[in-house]
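# Sequence plus predicted model, see below.
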Amino acid sequence: MILQLEKEAPVAPVAKALAALGYKTTEVSTQYAHYLVGIGKADVDIRRIGQLPGVRDVHRVSDDYKLVSRKWRTRPTVIDLGDGVRIGEGGLAICAGPCSIESEAQMEKVMAHLLANNVRLMRGGVFKPRSSPYSFRGLGLEGLRDFHRLAQANGIKIVTEVMQVSQVEEMHDFVDVFQVGARNTQNFNLLDALGSVDKPVLIKRGISGTIEELLSSAEYVFSAGNERLMLCERGIRTFETASRNTLDLNAVPILKEKTHLPVIVDPSHGIGLREHVPAMALAAVLAGADGIVYEAHETPETAASDGQQTLDFEESARLIRNLRRVFALRETLE
């Protein structure tokens, strides 16, 4: 069960009362609230718990992931990045940019493209996990500082990947959203570290991860103190070889049912084929996604990484227009 406590309420008496009922408790303090998560098998009347001094609300949640469950927080979480940029139910967030940040000139061109299409979220990696140690692995912290400077000047919000615990603090002041990549979805030390910062976190589904495992990864961050979370379906590895991954659009309505967190879809990694990225992005919107993140580059053929799944600016502009049209259609269907 989950207990939301009144501000500055003493925890010990409530924890003691729950222990007497056979529940082990974990205290969770976030940016917004103070909770006790109770684990136990005892069948108790939660009304008794709700009457304890200092308890504001109590909910019975049977899932292993409790804090991110929609069973207790029925109102969807909306992530406010400031300056009118919001991600969550009721809108469609669009985030685009290159797989890798390559140069200042490249960043300026991408930002001009985004602003021309009224997009305020830019993705781009400065630390890149690559399968080969000989591939381009990003510009690092200096590249991120340049990215931040240009983004600030243009009113753009940055989404970029963090790969290890030691990078969290040094990246903190230069990012708007920390991205946890597919290879780090179960890096629990990193997830714990991101729970201690007041910056939104976008968690990508693991390469062969289940929906339950993705939700459990989010639970790690929430339980460590950070409620500002988003989940990203980016395709999973299956026996199919005709595409890079298998984009699991089943995950979108299932996640929307199971969690109050925003659900984002990455069709670029999901299918890995440039010509099919737009179709999968539009399908994801109809499936109920709260946002789309995809790769865009002025000349994908010369991109340092993932050119085969990256849209050029003309294709990107067309997709943005169509995403908004399909979202408007979805709103009429609901």
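That came in fine, so what should we check first? Numbers count the residues shown, from 1 in each chain.
# Could you use CA atoms for every contact and neighbour count after this?
Noted.
# Might you report the residue contacts of the residue nearest the centre of the chain?
The chain has residue 202 as the residue nearest its centroid, 2.2 Å off, counting by C-alpha atoms, centre = their mean. Neighbour list for residue 202: 177-180, 229-232 [criterion: C-alpha atoms under 8 Å, 6 or more residues apart in numbering].
# That one in helix, strand or coil?
Using DSSP: H, G, I helix; E, B strand; the rest coil, the structure places residue 202 in strand.
# Residue 243 too?
coil.
# mind listing which of the contacts of residue 202 are in strands?
Using DSSP state E, the subset of the contacts of residue 202 located in strands is 177-180, 229-232.
# Redo those residues as a markdown table? Include pLDDT, distance to residue 3 and neighbour count.
Below are these laid out as a markdown table (pLDDT from 0 to 100; distance: C-alpha to C-alpha, whole Å; neighbours: other C-alpha atoms under 10 Å):
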| residue | pLDDT | distance to residue 3 | neighbour count |
| --- | --- | --- | --- |
| 177 | 98 | 28 | 23 |
| 178 | 98 | 28 | 24 |
| 179 | 98 | 29 | 26 |
| 180 | 98 | 28 | 27 |
| 229 | 98 | 20 | 25 |
| 230 | 98 | 23 | 25 |
| 231 | 98 | 24 | 25 |
| 232 | 98 | 28 | 28 |
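# domain ranges for the chain?
Domains of the chain are assigned by automatic domain parsing as 2-59, 79-333.
# wait, which of these is closest to residue 72?
Across the domains of the chain, residue 72 has its closest neighbour in domain 2-59 (5.7 Å, C-alpha to C-alpha).
# What is the end-to-end distance of that closest one?
5 Å (C-alpha to C-alpha, to the nearest Å).
# now do stretch 29-39
OK, stretch 29-39 end separation, C-alpha to C-alpha: 17 Å.
# Now that stretch: average pLDDT?
What stretch 29-39 shows for mean pLDDT is 92.
# For it, which outside residues touch it?
Here stretch 29-39 makes contact (C-alpha under 8 Å, 6+ apart) with 1-7, 15, 18, 23-28, 66, 198, 222-227.
# Going by neighbour count, list what's buried in it.
Buried residues in stretch 29-39, counted by 16 or more other C-alpha atoms under 10 Å: 29-30, 34-39.
# do stretch 242-262 as well
Neighbour counts over stretch 242-262 (16+ other C-alpha under 10 Å) mark 244-249, 251-252, 255-256, 258-262 as buried.
# Report the two of the residues you listed separated the most.
244 and 260 (29.3 Å).
# ok, the spatially closest residue to residue 52 that is not a sequence neighbour - how many residues close by?
Among residues not flanking residue 52 along the chain, residue 14 sits closest, at 6.8 Å (C-alpha to C-alpha, 6 or more residues apart in numbering). Neighbour count for residue 14, taken as other C-alpha atoms under 10 Å: 20.
# try residue 20
10.
# Likewise for residue 154?
Residue 154: 14 surrounding residues under other C-alpha under 10 Å.
# Now do the helix or strand harbouring residue 318, average pLDDT.
Taking DSSP states H and E as the criterion, residue 318 maps to helix 313-333. The average pLDDT within helix 313-333 is 97.
# try stretch 163-174
Averaging pLDDT along stretch 163-174 yields 95.
# How about stretch 283-301?
For stretch 283-301, the mean pLDDT works out to 97.
# same check, this time on stretch 195-208
In the prediction, stretch 195-208 has an average pLDDT of 97.
# hmm, back to that, which ones among the buried residues of stretch 242-262 lie within helices?
Among the buried residues of stretch 242-262, the ones falling in helices (DSSP state H) are 251-252, 255-256, 258.
# picking that back up, I'd like the buried residues of stretch 29-39 as a markdown table, with secondary structure appended.
Listed next are the buried residues of stretch 29-39 as a markdown table, based on three-state DSSP:
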| residue | secondary structure |
| --- | --- |
| 29 | strand |
| 30 | coil |
| 34 | strand |
| 35 | strand |
| 36 | strand |
| 37 | strand |
| 38 | strand |
| 39 | strand |
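# ok, those vs residue 310, which is closest?
Taking C-alpha to C-alpha as the measure, residue 30 is the one of the buried residues of stretch 29-39 closest to residue 310, at 37.0 Å.
# Which residue ranges of the stretch 1-150 of the chain form helices?
12-20, 46-50, 104-116, 140-154 (DSSP state H, counting those that start in this stretch).
# I'd like to know which of those has the weakest mean confidence.
Among these, helix 46-50 carries the lowest mean pLDDT (a mean of 86).
# Contacts for it, please.
Residues outside helix 46-50 that contact it (C-alpha under 8 Å, 6+ apart) are 18, 55-60.
# Nice, that's everything, thank you.
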